[in-house]
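Asks: here's a sequence, model it:
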Amino acid sequence: AADKIGLIPQDFFAELCEQIIQHLNHKIPGVNTAELCQRIQTSGVEINIGDLAKIANILSFLFSTAARNNLSTEELITTLGSAGSTLPKHAVQVIRHVWNEQGKAIAVSEDARNVATVGQFVDMKWKLGVAMSSDTCRSLKYPYVTVTLTVADPSGQITDKSFEMTIPQFKNFFRQFKEMASVLETV
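Replies: From the prediction side, this is the model:
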């Protein structure tokens, strides 16, 4: 991973580190690695989203472990060096700066110590469509609902999950949401 980190320009690496700290502080639901990867690629750097996601996971582990162990900036940098880390100098400088400025703010309550194993809802988009025809049927006129859920997984990676429902499936989906809403009103 160290060689891939070396490819990322310092400003993008700093942005990634800051987003991870914000995620660990529960200020943002996750890190949009797809959007960041696209911007890095647009700047002329060859990196794929899988590698960037791995780097984000490593940094998230690094910062959360440092917070859990209440490490000072110097202790974190010393630990990185003693672990045989071959991180590029600019990356170590960014980690030092970000941890020094924002690291102490990471909440280390008992709840934060137990890493969540479920994702977090970020956004939902939907659209109504009508299938007009297909290669096997000339006149379908079949309505459907497409739903796209934006979710941040436990590590903070933001992903979109899309699915289609028939109208009866959507009515059942809607009925279940109404049921949840009525239960929530009693709480």
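Asks: beta partners of the residue nearest the centre of the chain?
Replies: Nearest residue to the geometric centre of the chain (C-alpha atoms, centre = their mean): residue 157, 2.1 Å. With DSSP bridges applied, residue 157 shows beta-bridge pairing to residue 31.
Asks: could you double-check that it sits in contact with residue 54?
Replies: No - using C-beta atoms under 8 Å, residue 157 is not in contact with residue 54; the gap is 10.3 Å. Using the backbone N, CA and C atoms, a C-beta is placed for each residue, glycine as well.
Asks: tell me the SS of residue 136?
Replies: Under DSSP: H, G, I helix; E, B strand; the rest coil, the three-state class of residue 136 is coil.
Asks: under the pLDDT cut-off, which ranges of the protein? List them.
Replies: Residue ranges of the chain with pLDDT under 70: 1, 83-85, 107-118, 154-155.
Asks: what domains does the record give for it?
Replies: 2-107, 120-185 (the TED database).
Asks: hey, which of these is tucked in deepest?
Replies: With neighbours defined as mean count of other C-beta atoms under 10 Å, these peak in mean count at domain 2-107, which reaches a mean of 17.
Asks: sorry, back to before: any idea how far the residue nearest to the centre of the chain lies from residue 65?
Replies: 18 Å (C-beta to C-beta, to the nearest Å).
Asks: now do the contacts for the residue nearest to the centre of the chain.
Replies: Residues counted as contacts of residue 157 (C-beta atoms under 8 Å, 6 or more residues apart in numbering) are 30-31, 33, 53, 56-57.
Asks: again with residue 123
Replies: 149-150.
Asks: ok, the helix or strand hosting it: who's next to it in the sheet?
Replies: Here residue 123 sits within strand 120-131, counting by DSSP states H and E. Take DSSP bridges as the rule and strand 120-131 pairs in its sheet with strand 142-152 (antiparallel).
Asks: the strand it pairs with: what's the following helix or strand?
Replies: Using DSSP H and E, the helix or strand that follows strand 142-152 in sequence is strand 158-166.
Asks: give me the residues contacting that following strand.
Replies: By C-beta under 8 Å, 6+ apart, strand 158-166 touches 29-34, 122, 144-153, 173.
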